[in-house]
Each structure stands twice: as C-alpha cells, then as structure tokens.
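Asker: coords please:
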Amino acid sequence: MTDRAGQEEPAVRPSTLVDRSDLPGVRAREEINILLRAHDPEVAEANLAQLTDRHSPLLRQIANDRQAYGRDPSLRRNAINALGRIISVENLNLLTELATRDDDEAIRTNALIALANTGLSLAVPLLADAQDSGHPVEAAAARKGLTTLADRLHTAGLTVIGSTIGPYRGTVHEGYDTETGQTVRRDVNAWLLGTDHPFDAVIDIAAAVADPAQPDRIRPEFNAGDGLHVNDAGAKAIADAVDLSLLKL
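Answerer: Below you'll find the predicted structure:
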C-alpha cells in the first residue's frame, strides 16, 4: 500500500457537461449530415427538397471537403446535387470549380450533372468541353447533362441545336490528343449524328473543317496553327455549314 501521508491531494478541476446543440454550427452540421446520408433514392430526393439557401454555406463546405468523400461518398455527392438546386453565384462558382478542377473523376461528373440540372446556359460550355474528356465516365455525364438541358429548353418552347466536336489530332496543347480522347470524340460525334440525341438539329462542325485525307485533323488551310482552333477561313466554313432556316431569323 502506498503511503500518501504528507503529500498534497491532487487538484480536481470542476467539469462542465457541454450540450453539443449549444455549440455554434454543430447542430446544423449534424442535421444536414443526416439529410445528406440517405441512400434510398426516394428518401434522398425528399431530403434534398428540404434544403434551402440557408443551408448553402454548409453544403459548399461539405461539397468542397475532399476527406468527406472517403468517409462517406454519399455525403459529398448529395451536397453537390443540392447545390445544383439552390441557384446562387457562390454555389455556381463552386460547382464550376469542381466540374473543371477536382482531382476525382466521380466528383467532376457529379458537378457536371448538377450544373446541367440548373438549366442555365453557363453550363453549356463546360458540358461541351467534358464531352471531349479523356475520361469516358465524365463524357457520358456530359451527354446526360446536355440531354437534361435540351429537355428543359424544349419545355420552355425553345429550339435546341447541337454540334459535333471538331478534329484536333496533332494539337500542340498537352493532354488533348490522347487515344482515349479521340475514341470519346468519335463516340460522341456518332451519338450526335445518330437518331437518339435530344437536339432539334445538329451542325456537323467536324465535317466542315476536317482534312478529307485525315479526318481527325483540321484541314491545313483552316488550321489556326495549334491544331485545335480554326482560323478565319475555318470559321467561315463552319458558318457555311449552318442551315440558317434552323435559326428562325
């Protein structure tokens, strides 16, 4: 037995029970986590409908949290989906950033679909670029997104015109001319020139500027010099390929 005679008793600090609901933001984060973690599609849809602009700051924080995806993929994915339903400059800026710069292909895909669901025209260039992505899943998401946009524009009574992806074999820009990218371009163009695309008409830009001897390259007289963009003569060739009756001028 240890003899403690003559020793001072250790100091005892008073403890206080902390109510987590009183901590700023903690309760709000826990509530939103519960809404975002639903796995059943119907429950998830109902939960997303409960989110409003007041939830946007927390949604942006979760959507931009790369560690959250590893802990629970549905958390970050559903936060991104929710941001596509709550239109604001801050939400759109983050979705654009995620769609173009995130390291994870799945997150870029989710952000592309969320942007498409906004129905805003600013999504069109991003979706068009993603169609030519070297990542097939991302390209498929872009096609889905463009279909969603076309459907919404049709609902508004508008005519929707698409265009094929032009050739770029031999471009000086790094990362464009890959075999996967070329395969995706051919697949997307085949989709656009087929019968199951969502557009009222498709302008075949690729055919207008392609070198007949090498269809995956721009014709020399139309090449702006980088193998990706056309010069003024190429721009005229594209304009000449447009059926003006489609524009209802």
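Asker: where in the chain is pLDDT low?
Answerer: Along the chain, the model assigns pLDDT under 70 to residues 1-25, 68-71, 119-142, 248-249.
Asker: show me it divided up by domain.
Answerer: With automatic domain parsing as the criterion, the domains of the chain are listed as 29-119, 159-249.
Asker: how about residue 173, what does it touch?
Answerer: 226, 227, 228 (CB atoms under 8 Å, 6 or more residues apart in numbering). Any C-beta I mention is one placed from the backbone N, CA and C, and that applies to glycine too.
Asker: identify the residue nearest the last one in space, chain neighbours excluded?
Answerer: The one in question is residue 228. Ranked by CB to CB, 6 or more residues apart in numbering and with sequence neighbours excluded, the top spatial neighbour of residue 228 is residue 171, at 4.2 Å.
Asker: now render the domains of the chain as a markdown table, adding distance to residue 146.
Answerer: As requested, these are exported to a markdown table (distance: least, CB to CB, whole Å):
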| stretch | distance to residue 146 |
| --- | --- |
| domain 29-119 | 7 |
| domain 159-249 | 7 |
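Asker: so which of these is the most packed in?
Answerer: Most buried of the domains of the chain by mean neighbour count (mean count of other CB atoms under 10 Å) is domain 29-119; its value is a mean of 18.
Asker: what helix or strand is the most centrally placed residue in the chain on?
Answerer: Residue closest to the mean C-alpha point of the chain, counted by CA atoms, centre = their mean, is residue 112 at 1.7 Å. Using DSSP states H and E, residue 112 sits in helix 105-118.
Asker: secondary structure element holding residue 34?
Answerer: Per DSSP H and E: helix 26-36 holds residue 34.
Asker: ok, residues contacting the longest strand that the chain contains?
Answerer: Longest strand of the chain, by residue count under DSSP state E: strand 214-218. Contacting residues not belonging to strand 214-218 are listed as 166-170, 182, 185, 206, 209-211, 227-228, 230, 234 [CB under 8 Å, 6+ apart].
Asker: pick out the most distant pair among those residues.
Answerer: Farthest-apart pair in the contacts of strand 214-218 is 182 and 234; separation 19.6 Å (CB to CB).
Asker: quick one on the thing from earlier: residue contacts, the residue nearest to residue 228?
Answerer: With contacts defined as CB under 8 Å, 6+ apart, residue 171 is in contact with 177, 226, 227, 228.
Asker: can you check residue 103 too?
Answerer: Residue 103 neighbours (CB under 8 Å, 6+ apart): residue 66.
Asker: assign residue 246 to helix, strand or coil.
Answerer: Classification of residue 246 using DSSP: H, G, I helix; E, B strand; the rest coil returns helix.
Asker: close enough to count as contact, it and residue 160?
Answerer: No. Between residue 246 and residue 160 there is no contact under CB atoms under 8 Å: 10.3 Å.
Asker: mutual contacts of the two, please.
Answerer: residue 200.
Asker: is the residue nearest to the centre of the chain in contact with residue 99, as I believe?
Answerer: Yes. Between residue 112 and residue 99 there is a contact at 4.9 Å, judged by CB under 8 Å.
Asker: which stretches of this structure form strands?
Answerer: 161-163, 201-203, 210-211, 214-218.
Asker: direction included, what does the longest one pair against?
Answerer: If you go by DSSP bridges, strand 214-218 pairs up with strand 210-211 (antiparallel).
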